[in-house]
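Undergrad: Okay, structure incoming, though there's no sequence with it:
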Ligand code: SF4
Ligand code: SF4
Ligand code: SF4
C-alpha cells in the first residue's frame, strides 16, 4: 500500500509543524480561470458556495463502529436532513465522504478509488479516532494510521465513536470551511 | 410546395438504404432493422399517396389503413424474426446471417 | 390542411425544442460553472470501490425479450383499439363484436403465454 | 392487501405523532452526567494547582497511548502551600486518538483526571486535537463547574497546613476554650473543592 | 420554399441520415438508436402528410416498443465478431441499392401519380378524420383486421415458443 | 493443573511458580472424560481436562479419523464445531497447536481436540470434510499463521489483502511500532 | 403561424418549463417533508424558511458540480440519455388541461398523444443504462425497460377505457363530457363535472394508480434504481447536471402521473365544481380557469403526497413478482375493465352497473392475490420454546417458580 | 468497445462461460461499498440475467488485527477492544471477555452486578435487533422502519449513557463486576423504556411482518436445513430459524440466566421470514427477561474484591455467551501473565456468513441482499 507524500503525515512522529490549507478545495471553473477574473464570479462564488454547503450529500458508506453513530445522525433524533444532508449510494452523486471507521490496508484502495470517483467539488470527513490516526488500532499490522494517508481530509472528528452531535458539528464546520474557502478565493482574485 | 414526389423520393431513398442494409450487413439483427426501414419506406409512400390522392375522403383513408396493417405486420415480423435469431444464436452462438445458411440447427 | 393541425404540431415541435434548449442551457451552465479535474482513475466505472474492468455488454436474459415482445404485440393492439374506442358506439354493431373477437384472440395468446409460463420470470 | 393497508395506517399514525428531532445547533439532546467525553484534568481550586502529580499511571494504562506527561518538583510544596511533592509540568492528550474508555480515570489515584462532557471538537487539522496542559485544565474546570465536581477523598494536608494544624493543636492545648473554631479551620481545605 | 417544405427537407434529412447511420455504423446499439431516430423522423413525415394518428401510432410502436425489443435482442446476441459486422459484398450491395434507388425515382417521376395536386386531403387530424379511419378499418377492412389479430397471435406464440426452447437449451 | 496436563503448554513456557487454573469439570464432562479413552482407544489420543473442558490431544495424522468418529459415534456426536484456532507455541516448543472446540447438541457435552504441527512447514489435515463450518476458520488460520490445511479446497487469503507478506498471527510477527500519535 | 406567434410560443413554453421546474422543486421539498413527517423527524428546515430553499440549493449545487463521463462509456449515448428521458416528460404537458380550454394545446387525440410520448422515456433509461458501461446501470436499465414496458400496457388500456367511456380521445371531453349521435338519437356521455370517473371505474383507478407507480419506478416498484441492489440503476454513473436532468424527469413524471390521476379520475379542474354560492355564477372565464387550475394543482399535490406516503410504507417487490403482477393481474384486469365499460355502453346500461360489477371484481382479485401470495401473513412457523416447560436446554432449577410469577405480573 | 485491448480484458474478467452454449454470465461485484452489504463486505455474484449462479464472498475489509492486539494488552484494556468487535451489541461482547477471565480466575461477581449485566445485555440485544429490522427493511426497500427503530434505539442508547457513560463503547463490565452501580432512577427509567420498546417492536411487526410484499419477498428465500446449519457452524437466530433450538443462554446458562424464565423462539422453515420474525419474538422475550431481572435486582455490591489489574492463573478457557448474532465465544490461553498468551474469538457472524453461498445460489440478486440482511452480519466481528 502506498502512502501519499503529504509532508504532514510523513512517517513516524509526524507531530511536525501544522500546515494550513490542506483538505479539499474545489477546482476552479472556467469562469474563474478566465482572463478577466472576478468579472462574473465575484459574488456568484459565494452564492454557489452557499448552495454547495446547504446541500452536502454524503456517500452511503460506513466502515466500522463509527458507522453506527453516523447512521444515528441521519435518524429522527438528530436528522441531518434538516441541513439538506441526504445520503446517496453512488459516489457520482455525493459531495462528502464520511470515513466512518477503521481504514484497513485492504480497504485502502477502494477508499481511494471511491474518493476519486466522486465528482468535484468533494470533501472528506474523517470520523472517529480510527479514521484520524488509527485510534485503538494504532499498533495493528493491518490498519492505515489515518485516512489522510490516502486522501485529503477536511474535517477530523475525534471520538470513539463521536456522538451524533459531534458529527453534526463537523458538518457545520465543513459548511463554514466551504464558505470561508469561497471567500478566500474571492479575496485572492481581488 | 410539398408534392407527392417528395414523399416518393424519400421513400425510394429509404427503401434503397434498407436494401443496402439487408445485403451488406452480416448481423441478423441489423438485417432485420434494415427490413424495418424498408417497410417504413413503403409506409411513407402510402401515406403520401393517401394524402395527395384526389379520391373521396373515405377512400383515401384506405392508404392510412394499409399503413396500420403494415405497421402491424412489421411489428409481428420483427418480433418473430428476432425470436428466431435468438434461437439460432442460442444454438450456434452466432447471430450472423452467413451462419444461417445451414438450415439444420 | 385542416384548422389547428399545423399549429398544434408546431407547438409540440417547439415544446420539444424548448425542452432540449432548456436542458441544453442547464448543461451549458454546468459546463461553464462546474469544475473539471477528474483524474483518469476517477472515471473508472463505479463498482462499489473495486476497479471495474471495462464492460459494455452483458448478454441479458431471454426473459427480457419475451416481455418486450409481448409489449410490442399489445402496443400494436392498442393502435387498433384507439380508433375503435371512439367509434364503436356510432358504427354498426358488428364493429363491437369484431373487436371482442380480436380481443378474444389476443387474450387467448395471453392465456397461452401464461399457461406456457412465459409470464413467469422463472 | 389488507395487511399492507395496515402498514399505511402505521405510517399515518407515525405522521400524526410529534416529531422527536432536536434542532441541533440550537438545542442538544440531554447529556447524562455520567457521559464520558474527552478526558480533562481537574483543577484544585483550593491549592490553585492541578490535582495531577504526573505519576504517569494513566499514561501507562491508556490502551491507545495517547497521553504523555512530565512531572516536575512542585514549587508550592517547597513553599509549603501544597501537599504534592511533584506536580505535572506538561501533559498532552491526543484527543483524536483517545477512545474515551475511561481507564485513565479509573487508574488515577489522585482524582486528577476526569472524563469531561466535551465532545464536539471537530477540527480541520489532524493534530489540532492534541491538547496540552492549560487546555486540559480549562476543560476540566468547565466540567467541574458543570457537574459540581467533588473530590472522592479529601487531600492530605499540605506542609503549611500541617504546620498550622500543629500550631493550632498546640494552641488548643494551651487554650481549650476555642477548640471548635480551630476544628473548622482544619477541615476547611477538605470540603471546599468546588471550582470557582 | 414554404416553411412546410423546409420542415419536410429537415425531417427527410434526419430520416435519411439516420437510416444511413443504421446501415453504416459498426456499433449495433448505435444502429438501434439511429433506427429510433429515423422512425421518429418518419413519424414527422407522416405529420407532413396530415396523418396524425399514424404519426402517433408510429411513435407509440417504434418509439417505445420496437426499439426496446431490438435492444433486448441485441443485448441477447452479443456476438464477438463486431468488426465483421459487414459483409465483404458491400460494394455489390451498394450497387444494388443505388440501382434500386435510381429505378424507383425514375418510376415515380415518370408515373402520372406524381402529377397529382394539392395536399388538402383528409388526414386523421381531426376527430372526424380519425373516425373515418376507424370506420373504414372496422367495416371495409374487417377481415384483414381479424387476420391481423391472428398474425399478432402467431407472432406472440411463436416468439414465446422459440424463446422458451432457446432458454431450455433445446 | 492437576490432570495429565496434556492441554498444558509445556512447562518450559512458564515460570514454575505460576498458579494454574483449577479444573472443575461439569457432570457431562466427567462422563465424557470417562467415555473418551475407550472410544478413541486406537488413535493414540491423550485425554485431559482444562477448567471445564475435556481436552484430548490427537496426533495430526489421525486427526481426520478422530474427528469423523467424534462426529458420527452416537454417544459422542459432536456435530457442531464451535471454534478452530491455532496457538503459536513456537517460542516454547517450536510447534503450532491447532485447537478444535466441539459441542454436541444431542448429548449436550463439549470437548476440545488438539493437535500439534511443527514450526517449519506447519500443516495439519483439513477438517472441512467433517464440518463444513471449518472452511473459513482454516482459511483465516492459514492467513494468519501460515498453517496449511491439507485437503482444503481453497486456501486463498481470506482476511488479509492478497499481497500481504508474512503471517501476522505468529508471535514472531512484530506489532507496529509506536509511531506517531 | 407567424414569427411573432412562434416567439410567443417559445417564451410561453419556456415559462411552462420554468413553472414545471419549480413544481418539481416543490415536489422534492414536499417529498422530503412528507417522509420526514411520517418518520417523526423534521426534514429540511435550515436552508430557508422551513427548508423551502433546500431544493433550490440542491439544484444549484448539481448544476455547479462536475459532470463526468466514465471511461468505457459510450459518450454520445451517455450524454443524450437524460434528454431522451426528460424531453418527453416535458412534452406530455402540452396536452394537460389546466382549465376549461386551458391547455397549451387542446389535442383531439390527446390521450393517444400522452400514451405515445410517454413511451419514449423507456428508451432513454435503457440507453443510459447501457451507455454507462457499468454493471449496475446495465442491470438497472434492463430492469427499467422490462418494468416500464410491462406496466405501460395497463396504463394504455385504462386510458382506452376512459376513451371508450367518453367516446373521444380528447382530454377536454374526458373532463367535460361528450355528446355523440348514434343513428337517430344523440347520447350524452358523462363528463366528470357531475361524477368523477373514480366512482364509475374504481377498477380503472386502482390499475392506473398501481401501474402509474410502477411507471414512475416508485416504491414498491422501484427495482430499477433500488439502492440496496443496483445502487441507483441507470443513474449510477451520472453526476452533476446530467443526473439532475434525470431527477427532473423523474419528478416531472411523478407530477404528470398525479395530474393524470386527477384529470382522468377526479375531474381535473372541474370537480368538485367551485361553490357557485361563493363566487356567484357569473365568474369571468379567467377566474374560473384560475380556480380550476388551483383545484387541479391542489388535487395533484394531494395525489403526489399519497404517492410519497406509499413510498414511506412499502418494501419493494422483486423483479419476477413485479412482472408476474403486471402480466398476470394488472393486464388481464385492465382488459376486463375495458370490455366491461364497452359492454355497458354498448348495451346502454346505466353506468352504475360498471361500478357495481367492478367492486366485486376488485375484491375477488384482491382476495385471490392474497390467497396466492400468503394472505394474512403466513402460517406462523416460529414458536417459542420455554425452558420452564422443559422444552429446551438443561432443566430449570426449582428456585425459578417465583420468577415465573413475576413474568405474569410484568406482562 | 471496439477497442481490441478492452475487449480482451473484458473477455478475461467479465465473463465466465456457463455450460449452456451461447449464454454468458455476468459478474456483478457488490461491495465493499454497497448500501446493502452492511459495512465493508464484498461479494462477487455470477448472475445469469438476474439469477445468481455463484457467489464468492470476500471479507477482510475490516480486518483490524484485534486478536493479535489483544495479546499485547492488559485484560482491562482488552475490554475496550471487545467493545469494538461486534459494535452493535457492545455489552454482550464485554460480557464474553469478562466472564472468560472470571472463569479463568474463579471469580464470582456479586449478584447485583450479574443482574445489571443481564439487563444491559438484553437491552443491547434489543438495540441490535432494532438495527437489524431497520437495515433489513432498507434492504427490502422500505425506508421508514429504520427510522422508527433508530428512534427507539436512541432511547436505549441514552439509557446506556446514563449507566455506563457512553452510548456505544461502554467499557462498563469489569472482571469481577461492573464499573459502577446504576443510578437511582435506573429502575423506573428502564421499565418505562421497556414499555416504549414493546410498542416500537409492535410497530415494526405491524409495518413489516404481515405486509404481503414483505411476506412474498421473504418466504422460501434462503432456506437452510437444520442439519446444514449445524454443519456450517451457524448459530444464533439463523440457526434457530432452521429449527435447531440452540441458545447458549439455556444450553449452558451463564451469569444468572438460569434463574430467569424466558422462551427461545425457534423457527421451522429456515427461510428469511423465519429469521426475521424470530428476531421480533426474541426482542419481546428480551423485554421479559429485563423485567424479570429488574424484579430480582437488590441492593448490594457491584464489584468483587479482586485486584485492579487482573492476573489470572495459567491455563486455558473457552467462554461463550449468546450474542444477538449467535454464539460468541472467546478462547484464552493464559500463561499467568497480565496479558493473554493467545486470544481467539469465535465470531458468530463469521460462521453465519460462510453459509452465504449455500443460501443464495439460485435466487435473484434482490434475494441475495435480503438473505445477507437476515444473516445480520457485523463486519467488525466477522473480520476482527
Ligand atoms: S474510532 Fe472507535 S468507534 Fe470509530 S471505528 Fe474506530 S474503534 Fe470504532
Ligand atoms: S492524571 Fe492521575 S494518573 Fe495520570 S499522571 Fe496525573 S496523577 Fe498520575
Ligand atoms: S480515556 Fe482511555 S484512551 Fe482516552 S486518554 Fe484515557 S485511557 Fe487513554
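TA: On my side now, so go ahead. It should be emphasised that the depicted structure is a prediction, and the values quoted were computed from it without experimental measurement. Numbers count the residues shown, from 1 in each chain, chains lettered A, B, ... in the order given. Ligands and ions are numbered 1, 2, ... in the order given.

Undergrad: so does stretch F:76-89 get close to chain H?
TA: Yes. On the criterion C-beta under 8 Å from any C-beta of the partner chain, stretch F:76-89 is in touch with chain H at F:79, F:80, F:81, F:82, F:83, F:85, F:87, F:88. Where C-beta positions appear, they are placed from N, C-alpha and C, glycine not excepted.

Undergrad: what about that stretch, distance to the chain center?
TA: Here the centre of stretch F:76-89 is set off from its chain's centre by 6 Å, with C-alpha atoms, centre = their mean, to the nearest Å.

Undergrad: how about it, does it get close to chain G?
TA: No. Stretch F:76-89 is not in contact with chain G by C-beta under 8 Å from any C-beta; minimum separation 15.0 Å.

Undergrad: per-residue confidence averaged over that stretch?
TA: Mean pLDDT, computed over stretch F:76-89, is 85.

Undergrad: Over to stretch C:95-103?
TA: pLDDT averaged over stretch C:95-103 gives 84.

Undergrad: next one: stretch G:201-219
TA: Summarised as a single mean, pLDDT over stretch G:201-219 is 87.

Undergrad: any idea how far that stretch is from the chain center?
TA: 6 Å.

Undergrad: In the chain, what residue spans correspond to helices?
TA: Reading this off chain A. Counting by DSSP state H, chain A has helices at residues A:30-33, A:41-54, A:65-74, A:105-117, A:128-133, A:164-189.

Undergrad: Hmm, no, I was thinking of chain B.
TA: Using DSSP H, the helices of chain B run over residues B:4-24, B:28-52, B:57-92.

Undergrad: Repeat that for the stretch 251-384 of chain H.
TA: H:272-296, H:348-354, H:356-360, H:365-375, H:379-383 (DSSP state H, counting those that start in this stretch).

Undergrad: can I assume residue A:175 is in contact with residue A:53?
TA: Yes. Counting by C-beta atoms under 8 Å, residue A:175 does reach residue A:53; the two are 4.0 Å apart.

Undergrad: How many neighbouring residues does the residue nearest to residue A:163 when sequence neighbours are not counted have?
TA: Nearest non-adjacent residue to residue A:163, counting by C-beta to C-beta, 6 or more residues apart in numbering or on different chains: residue D:119, 5.1 Å away. Burial of residue D:119 is recorded as 22 neighbouring residues (other C-beta atoms under 10 Å in any protein chain shown).

Undergrad: Test my guess that residue D:119 contacts residue A:164.
TA: No. Using C-beta under 8 Å, residue D:119 is not in contact with residue A:164; the gap is 9.9 Å.

Undergrad: domain assignment for chain C?
TA: C:1-34, C:60-122 (automatic domain parsing).

Undergrad: Just give the number of residues close to residue D:92.
TA: Other residues near residue D:92 come to 18 when the count uses other C-beta under 10 Å.

Undergrad: Give me the phi and psi angles of it.
TA: phi -140, psi 130 (degrees, to the nearest 10).

Undergrad: sorry, back to before: out of the residues of stretch F:76-89 next to chain H, what pair is the most spread apart?
TA: F:79 and F:88 (28.9 Å; C-beta to C-beta).

Undergrad: where exactly do the strands run in chain D?
TA: With strands called from DSSP state E, chain D shows them at D:39-41, D:43-44, D:49-50, D:67-73, D:86-94, D:113-115, D:130-131.

Undergrad: right, and those - which one's nearest residue H:149?
TA: Closest to residue H:149 of the strands of chain D, according to C-beta to C-beta: strand D:113-115, at 29.0 Å.

Undergrad: Show me the strands paired with that closest one, marking each as parallel or antiparallel.
TA: strand D:39-41 (antiparallel) (DSSP bridges).

Undergrad: near ligand 3, anything from the strand it pairs with?
TA: Yes. Strand D:39-41 is in contact with ligand 3 by C-beta under 6 Å from any ligand atom, via residue D:39.

Undergrad: Surely residue H:115 is within a helix?
TA: Yes. Checked against DSSP: H, G, I helix; E, B strand; the rest coil, residue H:115 lies within a helix.

Undergrad: Flag the shaky bits of chain A, pLDDT-wise.
TA: Along chain A, segments meeting pLDDT under 70 span A:1-23, A:25-43, A:188-190.

Undergrad: near ligand 3, which residues of it show up?
TA: So chain A never meets ligand 3 (C-beta under 6 Å from any ligand atom).

Undergrad: Spell out for me which residue occupies the centre of chain A.
TA: For chain A, the residue nearest the mean C-alpha position is residue A:124 (1.3 Å; C-alpha atoms, centre = their mean).

Undergrad: Would you mind naming the residues that bridge with it?
TA: Beta-bridge partners, per DSSP bridges, of residue A:124: residue A:97.

Undergrad: hmm, back to that, which of the residues of stretch F:76-89 next to chain H sits closest to chain G?
TA: residue F:80 (15.0 Å; C-beta to the nearest C-beta).

Undergrad: In this structure that closest one contacts residue F:107, no?
TA: No. Contact criterion C-beta under 8 Å: residue F:80 and residue F:107 do not qualify, at 11.0 Å.

Undergrad: Phi, psi for the residue of the stretch 51-200 of chain H at minimum distance from chain C please.
TA: Of all residues in the stretch 51-200 of chain H, the one sitting closest to chain C is residue H:51 (7.7 Å; C-beta to the nearest C-beta). Backbone torsions for residue H:51, taken as degrees, to the nearest 10, come to phi -90, psi 140.

Undergrad: same deal with the one 4 residues further on?
TA: Backbone torsions of residue H:55, given as degrees, to the nearest 10, read phi -130, psi 130.

Undergrad: can you tell me which residues contact the closest residue to it other than its chain neighbours?
TA: Of all residues not flanking residue H:55 in the chain, residue H:357 sits nearest, at 4.7 Å (C-beta to C-beta, 6+ apart). Under the criterion of C-beta atoms under 8 Å, 6 or more residues apart in numbering or on different chains, the contact list for residue H:357 reads H:54, H:55, H:56, H:57.

Undergrad: List the contacts of residue 62.
TA: Picking chain A for this. Residues in contact with residue A:62 (C-beta under 8 Å, 6+ apart) are A:68, A:70, A:71, A:100, A:101, H:39.

Undergrad: sorry, should have said chain H
TA: A:63, A:64, A:101, A:102, A:104, A:107, H:39, H:40, H:379, H:380, H:382, H:383.

Undergrad: which ones among those come in contact with ligand 1?
TA: A:64, A:101, A:102.

Undergrad: gap between the last one and chain F?
TA: Same thing as residue A:102. To chain F, residue A:102 is 13 Å away according to C-beta to the nearest C-beta, to the nearest Å.

Undergrad: correct me, but that residue touches residue A:143?
TA: Yes. With contact defined as C-beta under 8 Å, residue A:102 reaches residue A:143; the gap is 5.8 Å.

Undergrad: where do the contact lists of the two overlap?
TA: Contact criterion C-beta under 8 Å, 6+ apart; residues shared by residue A:102 and residue A:143: A:130, A:137, H:64.

Undergrad: wait, what's in contact with the residue nearest in space to the middle of chain B?
TA: The centre of chain B sits closest to residue B:39, judged by C-alpha atoms, centre = their mean, with a distance of 2.4 Å. Shown in contact with residue B:39 (C-beta under 8 Å, 6+ apart): B:18, B:70, B:73, B:74, B:77.

Undergrad: Pretty sure the fourth one sits against residue B:36.
TA: Looking back up the chat, that one is residue B:74. Yes. The criterion here is C-beta under 8 Å, and residue B:74 meets it with residue B:36 at 6.1 Å.

Undergrad: For the closest residue in space to residue D:25 that isn't next to it in sequence, give its distance to chain B.
TA: Ranked by C-beta to C-beta, 6+ apart and with sequence neighbours excluded, the top spatial neighbour of residue D:25 is residue A:172, at 6.4 Å. Note on residue A:172: its distance to chain B, by C-beta to the nearest C-beta, is 56 Å.
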